[in-house]
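Mind looking at a prediction? Sequence and model below.
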Amino acid sequence: MKSIFTGSIYNKNTRKQADLILVVLASQSVRAVIDTGPDGLYDILVPDDDVFNAQQQLKQYARENKAVPRPVPHVPTGIFFSPATLALAFFLAAIHYIITTRGLHKQAILDFGSSSYYLSQGQSFRAVTALFLHSNTEHLIGNMAGLLILAGPLLRVTGYGQGLLLLLAAGTAGNLISESFGRDLRLSIGASTAVMAAAGLLGARRMTIDAESGHSVFPKVKALAPFAAAATLTAMFSHGENTDVSAHLFGFLAGTGIGLCYYPLSAPLSGPVLSRISFGIVLGILFTAFIQGVLTFLPG
């Protein structure tokens, strides 16, 4: 008999290794026995004729079960918390509170809600302003929650300025495309179009960012899984009474399309300076849309 392994009864690691060796040899019909000495050391013994076979079986097992540690992707612990998203949610709440307490709610919806008829008359500002109006408190709270869940991670990975600009662009595009298919007076309001745009933007980022290197890449066929997941999420939140399904759909598609164009080229468009510039552009767009809406309904 010849020893192929020596261990100590006081060492847990060698005891586990010895148990594994015995199991592997037994599975291959190689006879093995343990010989324990008075000093606490033990040997795994096999017949001389089986030494080579036992060693080969153990090497093969080690090759087939070699543990290759996979890099753990870095995920920020506060990925869902974004001060900018929180500020946006409270901004929506402030607008709703002001127009409802002052008795301006119905008039604000009439003057600033999105409608295919009014958009066809050149009142394009409505595609922007409609994103900031809500029919009631429940509608508002639902969209605030959606923004915190979906827009929070988006702004964390893109920067607050770039993220807000992407959200505004995709939400506005979603309203414009949705309303271009009709010519009626039906008014559409709510930030849900932007929420669905955030889902599309997140899906597009997963499609265009390599998981291992973290670098931007152009999407491949195998990257359609994130798109399918984001589309499923959009469908889950696109049902219910008075839900503008088309706005949700086109908001999601607009977010996906804008994201697929933006992320592969995002490296030179990142950084704190461009974030502040992007935020300034967002404020400029909002101010311009509001002023256009006010001037439209001034007498004379």
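Noted; the coordinates are in hand.

Strands along the protein, start to end?
Secondary structure of the chain (DSSP state E): strands at 2-8, 33-36, 41-46.

from those strands, which stretch is densest packed?
strand 41-46 (a mean of 18; mean count of other CB atoms under 10 Å). Backbone N, C-alpha and C define where each C-beta goes, glycine included.

what is the mean pLDDT for that one?
Here strand 41-46 scores 85 as its mean pLDDT.

Measure how far stretch 46-66 is from the centre of its chain, please.
47 Å (CA atoms, centre = their mean, to the nearest Å).

same deal with stretch 44-54?
55 Å.

Just the CA atoms of it, as CSV, please.
C-alpha atoms of stretch 44-54 as CSV (Å, rounded to 0.1, in the frame of the first residue of the first chain):
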residue,chain,number,x,y,z
ILE,A,44,-4.8,7.7,2.6
LEU,A,45,-3.3,4.4,1.3
VAL,A,46,-4.1,2.6,-2.0
PRO,A,47,-2.7,-0.6,-3.4
ASP,A,48,0.6,-0.2,-5.3
ASP,A,49,-1.1,-1.2,-8.6
ASP,A,50,-3.7,1.5,-8.2
VAL,A,51,-1.5,4.4,-7.3
PHE,A,52,-1.2,5.8,-10.9
ASN,A,53,-4.9,5.3,-11.5
ALA,A,54,-5.8,7.0,-8.3
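
Just the buried residues of that stretch, please?
For stretch 44-54, the neighbour count (16 or more other CB atoms under 10 Å) marks 44, 45, 46, 50, 51, 54 as buried.

Out of the strands of the chain, flag the one nearest residue 137.
The minimum distance between residue 137 and those falls on strand 2-8, with 68.9 Å, by CB to CB.

Which strands or helices does that closest one pack on?
helix 12-27, strand 41-46, helix 51-64 (3 or more CB pairs under 8 Å, 6 or more residues apart in numbering; DSSP states H and E).

change it to 10 Å
helix 12-27, strand 33-36, strand 41-46, helix 51-64 (3 or more CB pairs under 10 Å, 6 or more residues apart in numbering; DSSP states H and E).

For that strand, give the mean pLDDT please.
Here the average pLDDT along strand 2-8 is 82.

what does that strand contact?
Counting contacts by CB atoms under 10 Å, 6 or more residues apart in numbering, the residues outside strand 2-8 that touch it are 13-18, 21-22, 25, 30, 32, 34-37, 39-51, 54-55, 58.

Please name the strands paired to it in the sheet, noting orientation.
When pairs are called by DSSP bridges, strand 2-8 turns out to pair with strand 41-46 (antiparallel).

what's near enough to touch the closest residue to residue 89 other than its chain neighbours?
Among residues not flanking residue 89 along the chain, residue 144 sits closest, at 4.3 Å (CB to CB, 6 or more residues apart in numbering). Applying CB under 10 Å, 6+ apart to residue 144 gives the contacts 85, 86, 88, 89, 90, 92, 93, 96, 134, 191, 195.

Next one, pLDDT for the fourth one please.
The score at residue 89 is 94. That number is its pLDDT.

what about it, distance to residue 27?
Counting by CB to CB, to the nearest Å, the separation of residue 89 from residue 27 is 59 Å.

Of those two, give the one with the bigger neighbour count.
residue 89 (22 against 10; other CB atoms under 10 Å).

Quickly note the distance from that one to residue 143.
8 Å.

list residues touching both of these two?
Joint contacts of residue 89 and residue 143 (CB under 10 Å, 6+ apart) are residue 191.

can you list the weak-confidence ranges in the stretch 201-300 of the chain?
209-244, 299-300 (pLDDT under 70).

what about the helices in the protein?
Remark: helices assigned in the chain by DSSP state H are 12-27, 51-64, 83-101, 105-112, 116-120, 126-129, 137-146, 152-158, 160-179, 192-208, 224-236, 245-262, 272-296.

Quick one: residues in contact with the first one.
Which is helix 12-27. 4-9, 11, 30-34, 41-44, 46, 50, 53-54, 57-58, 60-62, 65.

Just read off the phi/psi values of residue 115.
When read as degrees, to the nearest 10, the backbone of residue 115 gives phi -150, psi 140.

Domains in the chain, by residue range?
Listed by automatic domain parsing, the domain ranges of the chain are 2-64, 83-296.

Start and end of the first one, how far apart?
Translated: domain 2-64. 25 Å (CA to CA, to the nearest Å).
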